[in-house]
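**Student:** With the input below, show me the fold.
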Amino acid sequence: MKRVLMLMAASFLFLTACTSSEKKAAELMETAKFEEKQTNREHAVKLYEEITTKYPGTTVAKEAEERLKALKK
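**Tutor:** Below you'll find the model as predicted:
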């Protein structure tokens, strides 16, 4: 019983961490897109780089990589 509770707690913490990573990455993506619209390319690049390095497994990481490639051309 104790083992099951520990496993459940660990699973909950893992899922919570994943969710918060997704959320943070998505927030950074929104900010980076806004910075692009404001023609603040330098800051947008920094934000896209942060997404790809800190949150590589998130759903927005691939989009961030694509934007980086486009901006660095």
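
**Student:** what's the following helix or strand after the host helix or strand of Glu22?
**Tutor:** Using DSSP states H and E, Glu22 sits in helix 2-37. Counting by DSSP H and E, the next helix or strand C-terminal to helix 2-37 is helix 41-54.

**Student:** show me what contacts Leu47?
**Tutor:** Leu28, Met29, Thr31, Ala32, Glu35 (Cβ atoms under 8 Å, 6 or more residues apart in numbering). Using the backbone N, CA and C atoms, a C-beta is placed for each residue, glycine as well.

**Student:** how far away is the nearest residue to the third one once chain neighbours are set aside from Glu63?
**Tutor:** Leaving aside its chain neighbours, Thr31 sits nearest to Leu47 (5.8 Å; criterion: Cβ to Cβ, 6 or more residues apart in numbering). With distances taken as Cβ to Cβ, to the nearest Å, Leu47 is found 12 Å from Glu63.

**Student:** what touches both of the two?
**Tutor:** Met29.

**Student:** Give the burial count for Phe34, as a bare number.
**Tutor:** By other Cβ atoms under 10 Å, 13 other residues sit near Phe34.

**Student:** now swap in Glu27 and tell me
**Tutor:** Counted by other Cβ under 10 Å, the residues lying close to Glu27 total 13.

**Student:** circling back: so for the helix holding Glu22, mean pLDDT?
**Tutor:** Helix 2-37 carries an average pLDDT of 76.

**Student:** Also stretch 64-73?
**Tutor:** Mean predicted confidence for stretch 64-73 is 94.

**Student:** Go ahead and flag the most central residue of the chain.
**Tutor:** Centrality entry for the chain: nearest residue to the mean C-alpha point is Ala25, 2.3 Å, by Cα atoms, centre = their mean.

**Student:** Confirm for me that that one is in contact with Thr58.
**Tutor:** Yes. Counting by Cβ atoms under 8 Å, Ala25 touches Thr58, with 4.0 Å between them.
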